[in-house]
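**Q** Please work out how this folds:
(one chain, ligands or ions: 1)
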Amino acid sequence: MSARSIRIGLLGCGVVGSGFVELLAHERSRIASRFGVTLNLGQILVRDGEKTRPHVARSTFTTNALDVLDGDCDVIVELVGGVDCAGAYVRRALRNGRNVVTANKALLATTGRELFDDADRRGVALGFEASVCGGIPIVQALTRGLAGDSVTSIRGILNGTSNYIVSRMEDGMTFDDALRLAQERGFAEAEPSLDVDGVDAEQKLRILASLAFDEPIVSAAVRGIRGVTGADIEEARADGCVIRHVATATRVPAGVALRIEPRRLSADDPLARVRDEHNAIVVNARATGELLFFGKGAGSMPTAAAVLSDVISIARSSQYARMTG
Ligand code: HSE
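**A** Residues are numbered from 1 along each chain as shown. Predicted coordinates:
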């Protein structure tokens with residue numbers, strides 16, 4: 001079988017983008033022989049065109065997004081983050097009839113419906129597995145794996161940075177030192193208040209709720225981990241508990257209610273054992289019962305793997321999961 005060739009334009013070569021480039025170099029031949037598609041990188045939008053990066057020739061770098069967006073790529077991978085520039089790039093790519101893969105939960109949580117409508121109108125795909133919980137394939141699980149069942153609730157740890165900070169505080173580190181470490185390790189958002197004030201977890205929960213439920217989201221109560229102290233963690237420990245930043249989506253009479261806050265969990269709760277940058281999601285569904293998804297929710301390579309799996313899905317199929325909310 002001769003492999004079909006797919007050309008990828010990459011917007012952004014930071015933590016996740018550079019992981020994507022490295023992973024693609026490592027997996028390209030396996031993907032070609034297993035799935036019959038050869039994935040080639042076209043131009044890459046970078047901030048600094050002079051900086052050398054492993055696995056790519058400097059000639060592929062551009063500082064002009066239009067070189068990527070208006071070029072001849074089959075799939076545009078958006079990893080610049082933020083809402084304004086990224087939104088303009090994604091809209092242009094879709095209107096140019098290009099398939100798009102993005103890890104940008106902020107963009108989807110704010111303008112997802114418009115972008116999916118754009119993608120539908122053009123008959124192209126918009127992949128977003130990497131936007132929620134890094135390497136955990138929860139988007140595929142909710143849209144395909146659970147298509148035959150009714151989800152009744154979602155409860156999870158959705159922000160790797162907050163969980164990493166709380167885990168380090170359990171080891172005696174201060175909040176500020178733990179946050180600095182999370183930033184150094186590439187888990188935190190460029191603006192880390194999005195992590196520690198609960199905004200990132202809310203955005204992810206909105207995406208998951210829109211995939212899992214037909215009803216509208218009618219309320220969202222959001223609190224981050226900023227107020228959690230070492231003393232709170234010690235008190236919880238003395239009672240055999242831990243503190244975790246927990247996001248829940250539950251059905252209420254008018255629709256779906258979201259709640260994101262630090263909670264005390266007893267040691268036998270599956271979420272209590274989740275440490276470091278790991279995420280976990282407990283999904284309850286009427287026929288299936290309880291399901292637990294666990295894995296690395298932040299970081300270069302797990303997130304890159306989710307991006308690459310979307311690119312492969314698009315390369316293999318014209319049909320693709322979409323957000324409905
Ligand atoms: N800042 C995010 C987190 C990155 O810590 O979970 C992954 O979405």
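
**Q** need the residues of this protein near the ligand, please.
**A** Applying CB under 6 Å from any ligand atom, we find that the chain lies next to the ligand at Gly134, Asn159, Gly160, Thr161, Phe187, Ala188, Glu189, Asp195, Asp200, Gly297, Ala298. To be clear about C-beta, it is placed using only N, CA and C from the backbone, and glycine gets the same treatment.

**Q** now the last one, nearest residue through space, not along the chain?
**A** What that stands for is Ala298. Once flanking residues are discounted, Ala298 sits nearest to Gly160: 3.1 Å by CB to CB, 6 or more residues apart in numbering.

**Q** ranges for the helices of the stretch 201-325 of the chain?
**A** Counting by DSSP state H, counting those that start in this stretch, residue ranges of the helices within the stretch 201-325 of the chain are 230-238, 300-316.

**Q** Compile those helices into CSV and extend it with columns for distance to Ile217.
**A** Output for the helices of the stretch 201-325 of the chain, formatted as CSV (distance: least, CB to CB, whole Å):
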stretch, distance to Ile217
helix 230-238, 29
helix 300-316, 24
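
**Q** so of these, which one's packed in deepest?
**A** Compared across the helices of the stretch 201-325 of the chain, helix 300-316 shows the largest average neighbour count, a mean of 23 (mean count of other CB atoms under 10 Å).

**Q** Including mean pLDDT, could the helices of the stretch 201-325 of the chain go into CSV?
**A** Converted to CSV, the helices of the stretch 201-325 of the chain look like this (pLDDT from 0 to 100):
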stretch, mean pLDDT
helix 230-238, 98
helix 300-316, 97
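
**Q** Indicate which one of those is closest to Val77.
**A** Val77 sits nearest to helix 300-316 of all the helices of the stretch 201-325 of the chain, at 6.1 Å, using CB to CB.

**Q** which helices and strands does the closest one pack with?
**A** Helix 300-316 is packed against strand 4-11, helix 15-35, strand 37-45, strand 75-78, strand 99-102, strand 126-127, with contacts defined by 3 or more CB pairs under 8 Å, 6 or more residues apart in numbering; DSSP states H and E.

**Q** Rounded mean pLDDT for the last one, please.
**A** Confidence over strand 126-127, taken as the mean pLDDT, stands at 98.

**Q** Check which helices and strands that strand is in contact with.
**A** Counting contacts by 3+ CB pairs under 8 Å, 6+ apart, strand 126-127 is packed against strand 99-102, helix 105-122, helix 300-316.

**Q** Tell me which of these sits nearest to Arg259.
**A** Per CB to CB, nearest to Arg259 of the helices and strands packed on strand 126-127: helix 105-122, 16.2 Å.

**Q** center of the chain, which residue is that?
**A** Ser131 (2.3 Å; CA atoms, centre = their mean).

**Q** How many neighbouring residues does the residue lying closest to that residue once chain neighbours are set aside have?
**A** Once flanking residues are discounted, Ser131 sits nearest to Lys105: 4.2 Å by CB to CB, 6+ apart. Lys105 is flanked by 27 other residues according to other CB atoms under 10 Å.

**Q** pretty sure Lys105 contacts Gln203?
**A** Yes - using CB atoms under 8 Å, Lys105 is in contact with Gln203, at 4.4 Å.
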